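Visitor: Here's a sequence, model it:
(2 chains)
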Amino acid sequence: MDPLSPLALLFAEPPAAQDRETKLQRFFGQMAAIRHCETRLLELFNAGLVRGTVHTCLGQEACAVGVLAALDREHDIVCSNHRGHGHYLANHGDFHGLVAEVLGLPEGVCGGVGGSQHLHRRNFYTNGILGGMPPVATGMAMAEKRLGTGRVACVFLGDGAMAEGSLYEALNLAGLWQLPVLFAVEHNQYAQSTHWSQEHAGALHERAASFGVPVSEVDGNDVEAVHAAAAACVRRLRGGEGPAMLFMRTYRLGAHSKGDDLRDPAEIEAQRSQEPLLRLRQLIGKPWADAAESHVRQAVDSIVDGLRRQKEAAR
Amino acid sequence: MSSYLQSLNQGLAAAFEADARVLMLGEDVVDPYGGAFKVGKGLSTRFPGRVISTPISEAGITGLAAGLAMRGLRPVLEVMFGDFLTLCTDQIVNHITKFALMYPGVTVPLVIRTPMGGGRGYGATHSQSLEKMFLGVPGLTVVAPSLAHEPGALLRHAVLADASPVLFVENKLLYGQALAGGTDDRLQVVQMDDDSGYPTAVVRNLPGSAPDVTVFAYGGASRTLLAVMRRLADEEISVKAVLPSKLRPVPLAALVAQARESQHLLIVEEGSAGFNWGSELAALLYEALLPGLKRPIRRLAADDALIPCAAELEDAVLVTEDKIEAALLDMLS
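Guide: So this is what the prediction gives:
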């Protein structure tokens, strides 16, 4: 990507000292760009240009943007899951590599081998097996600790993966050996089509503490709060105080994957008033937000349209 | 002459000595216990902080070891019994091997060591040879040294020089055995290296004579097979054993070359019959040797059954010296 393109600037490392307004504007731009990219990917899917599946993070952009802003995106490790586009974009700002990968083009970040759920670039790794990455991320954190690099690892998971046993093995190992790993839970309420209350006993946010892993609960649709809470967790990790869990309450506005959303439309509609872009828009002012949104949409469209033409020409 | 166990212990120590990135994890591996079968005994004392006893979390520690390998270390994971690999399978099949194949530029230099096999009365869940379940996993190297190998050298190679994930299968009954081909051993052992670092051993009981039968086997089956070969030497029955240490990928060229020396071919393995190493090897040999092959390839494996605890019941299921000898004599009758 051209380093001076609007998206490259938006996702470049920010200056060390940033006033609140600039920071929030930056968060808004990043979330708007991710939202628009996800919307365009669904459109490409519906046009028959994407093989397999796509899992979008519509409504969860604040989790991706807030957590990644608290990490050293150049050096820290991020492990992600099937719903990883937002994490990837918030980490690398690489819209071209992601969209090309989902389209199965050779210039995709994994050459089309990975597809939507298997992305890797530098220190970023996603895989499509729920609950499989927490032990891996824990091992990566252990390696960095032993090698004394000062890097930390962050692994994203949802409430669905909190029903997988391997998560608890990882929490135990991380707590036992005080490893610098952040378990970033996006409690988006749904495991595919099943509401979390139908598959979990007890309180999800209380589980990690029994492994000596402190839990920081936060409104996952408030990007500023997510960032602050994630930053506090990361300080703990870097200070050698062991792992942490960031428990973000959010809501998946879109379907599990490309279509088939059987939830009550009234429930989804009610959640729309709480979604992160809308809330931040109210905070930073609508005219500015509208202009910024239009700006990033154009930039995303230019990448997506170019790749779409390429894909169509190759068919 | 060192034993299989001593060789492995020395090989591990050599790897620790050669590369500070090497570490070992597993259940109860720290001294004084030193692991259920003592393969790593003494290492935690010699290399403080580099041998780590873990919780009983096979899935978790397998994933953890993968993470260590991907971020610059050279972990060796000891899985206490090979039967427990079922708990590690998601990490092996859907993570470790996938990472190396689907992420550009990523390697997972991880060695998972584990003892397989029966004969000690441990019963159904601690006696199996489950390696056949991992022979169909793309991207995984499966190694199983026999008594005719230098197991420690193979292990050192896997840890220090192999960038791919390796499942390293040891056999419980081999641990206490002396390695074959020593000065007082009547068997002749020749290592055929194919540059992979995992040689195929060729063992003859009557060197210089054309073999009446060529037997393909690996790992634990080498104990029973070599014992039978020593016995048959007295009866002037010439048997050649071809023992690859690398089960997957199959070192096919070397095995086909060895197969051409006799018309009687037998494949022996300790694991259960059906959908196993021998099935694949027989198919590969037929493809390579037909139409020159005059006789069907015979196969011998444990019964496709549960492994019982009591000695007589276990012997009835597993491959024994008597069963190998009977198969050989039957082929030559």
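
Visitor: can you pull the contacts of the nearest residue to A:Val296 once chain neighbours are set aside?
Guide: Nearest non-adjacent residue to A:Val296, counting by CB to CB, 6 or more residues apart in numbering or on different chains: A:Ala33, 4.2 Å away. (Glycine included, C-beta is placed from N, CA and C.) The neighbours of A:Ala33, taking CB atoms under 8 Å, 6 or more residues apart in numbering or on different chains as the test, are A:Leu7, A:Leu10, A:Leu89, A:Phe95, A:Val296, A:Arg297, A:Ala299, A:Val300.

Visitor: give the contact list for the closest residue to chain A within the stretch 151-300 of chain B.
Guide: Ranking the residues of the stretch 151-300 of chain B by distance to chain A (CB to the nearest CB) places B:Pro165 first, at 12.9 Å. The contact partners of B:Pro165, taken as CB under 8 Å, 6+ apart, are B:66, B:69, B:92, B:96-97, B:100, B:108-112, B:139-141.

Visitor: which bits of the stretch 151-300 of chain A sit near chain B?
Guide: Along the stretch 151-300 of chain A, the residues adjacent to chain B under the rule CB under 8 Å from any CB of the partner chain are A:Ala153, A:Gly165, A:Ser166, A:Glu169, A:Ala170, A:Asn172, A:Leu173, A:Leu176.

Visitor: got any ranges where the stretch 1-150 of chain A has weak pLDDT?
Guide: For the stretch 1-150 of chain A, the stretches with pLDDT under 70 are A:1-4.

Visitor: Near chain B, which residues of it? Just list them.
Guide: Within the stretch 1-150 of chain A, the positions adjacent to chain B are A:77, A:110-111, A:113-114, A:118, A:120, A:125, A:127, A:129, A:132-144, A:146-147 by CB under 8 Å from any CB.

Visitor: mind listing which of the residues you listed are in helices?
Guide: Counting by DSSP state H, these place A:133-144, A:146-147 in helices.

Visitor: Buried ones among the residues you listed?
Guide: By neighbour count, with 16 or more other CB atoms under 10 Å in any protein chain shown, those hold A:133-144, A:146 as buried.

Visitor: I'd like those laid out as a markdown table, including distance to B:Gly271.
Guide: Shown next, in a markdown table, are these (distance: CB to CB, whole Å):
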| residue | distance to B:Gly271 |
| --- | --- |
| A:Met133 | 32 |
| A:Pro134 | 33 |
| A:Pro135 | 28 |
| A:Val136 | 29 |
| A:Ala137 | 34 |
| A:Thr138 | 33 |
| A:Gly139 | 30 |
| A:Met140 | 34 |
| A:Ala141 | 37 |
| A:Met142 | 34 |
| A:Ala143 | 34 |
| A:Glu144 | 39 |
| A:Arg146 | 37 |
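
Visitor: Which parts of the chain are helices?
Guide: Looking at chain A here, since you left the chain open. A:6-11, A:20-46, A:61-70, A:85-92, A:95-103, A:133-147, A:165-176, A:223-238, A:265-272, A:276-284, A:286-314.

Visitor: actually chain B
Guide: Per DSSP H, chain B carries helices over the ranges B:4-18, B:43-46, B:58-70, B:85-90, B:97-102, B:151-161, B:221-233, B:252-259, B:277-289, B:311-317, B:321-332.

Visitor: And the fifth one, what's buried?
Guide: Put plainly, it is helix B:97-102. B:Thr97, B:Lys98, B:Phe99, B:Ala100, B:Met102.

Visitor: restrict those residues to contacts with chain A.
Guide: Applying CB under 8 Å from any CB to these, those adjacent to chain A are B:Lys98, B:Phe99, B:Met102.

Visitor: what's the distance between the first one and A:Cys110?
Guide: Using CB to CB, to the nearest Å, one gets 11 Å for the distance from B:Lys98 to A:Cys110.

Visitor: And for A:Leu9?
Guide: 26 Å.

Visitor: one step back: can you say which of the helices of chain B is nearest to A:Glu61?
Guide: Nearest of these to A:Glu61, taken as CB to CB: helix B:97-102 at 26.0 Å.

Visitor: what's the spacing between the closest one and its chain's center?
Guide: Centroid separation between helix B:97-102 and its chain, computed with CA atoms, centre = their mean, to the nearest Å, is 23 Å.

Visitor: likewise stretch A:179-191?
Guide: Stretch A:179-191 has its C-alpha centroid displaced from the chain centroid by 10 Å (CA atoms, centre = their mean).

Visitor: Let me see the mean pLDDT of that stretch.
Guide: The predicted model gives stretch A:179-191 an average pLDDT of 97.

Visitor: distance between the ends of it?
Guide: 28 Å (CA to CA, to the nearest Å).

Visitor: what does stretch A:37-54 contact?
Guide: A:56-58, A:85-86, A:89, A:95, A:98-99, A:102-104, A:115-117, A:254, A:257-258, A:300-301, A:304, A:308, A:311-312.

Visitor: which among these end up buried?
Guide: Buried among those (16+ other CB under 10 Å): A:56-58, A:85-86, A:89, A:95, A:98-99, A:102-104, A:115-117, A:254, A:257-258, A:300, A:304, A:308, A:311.

Visitor: Throw the ones in helices among the residues of the stretch 1-150 of chain A next to chain B into TSV and include distance to A:Ala184, thanks.
Guide: As requested, these are arranged in TSV below (distance: CB to CB, whole Å):
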residue	distance to A:Ala184
A:Met133	11
A:Pro134	10
A:Pro135	15
A:Val136	15
A:Ala137	10
A:Thr138	13
A:Gly139	17
A:Met140	14
A:Ala141	13
A:Met142	18
A:Ala143	19
A:Glu144	17
A:Arg146	23
A:Leu147	23
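
Visitor: Next up, the contacts around A:Phe156.
Guide: By CB under 8 Å, 6+ apart, A:Phe156 lies in contact with A:Cys63, A:Ala64, A:Val67, A:Val78, A:Cys79, A:Ser80, A:Asn81, A:Gly84, A:His87, A:Ala184, A:Glu186.

Visitor: The last one bridge partners, please.
Guide: By that I understand A:Glu186. For A:Glu186, the beta-bridge partners are A:Gly158, A:Met248 (DSSP bridges).

Visitor: Go ahead and confirm it touches A:Leu157.
Guide: Yes - using CB atoms under 8 Å, A:Glu186 makes contact with A:Leu157 at a distance of 7.4 Å.

Visitor: Those two: who's more crowded?
Guide: The neighbour count for A:Glu186 versus A:Leu157, taken as other CB atoms under 10 Å in any protein chain shown, is higher for A:Glu186 (31 against 26).

Visitor: what number of residues lie near A:Gln192?
Guide: Using other CB under 10 Å, A:Gln192 has 11 neighbouring residues.

Visitor: thought it was touching A:His256?
Guide: Yes - A:Gln192 is in contact with A:His256 according to CB under 8 Å; the separation is 4.6 Å.
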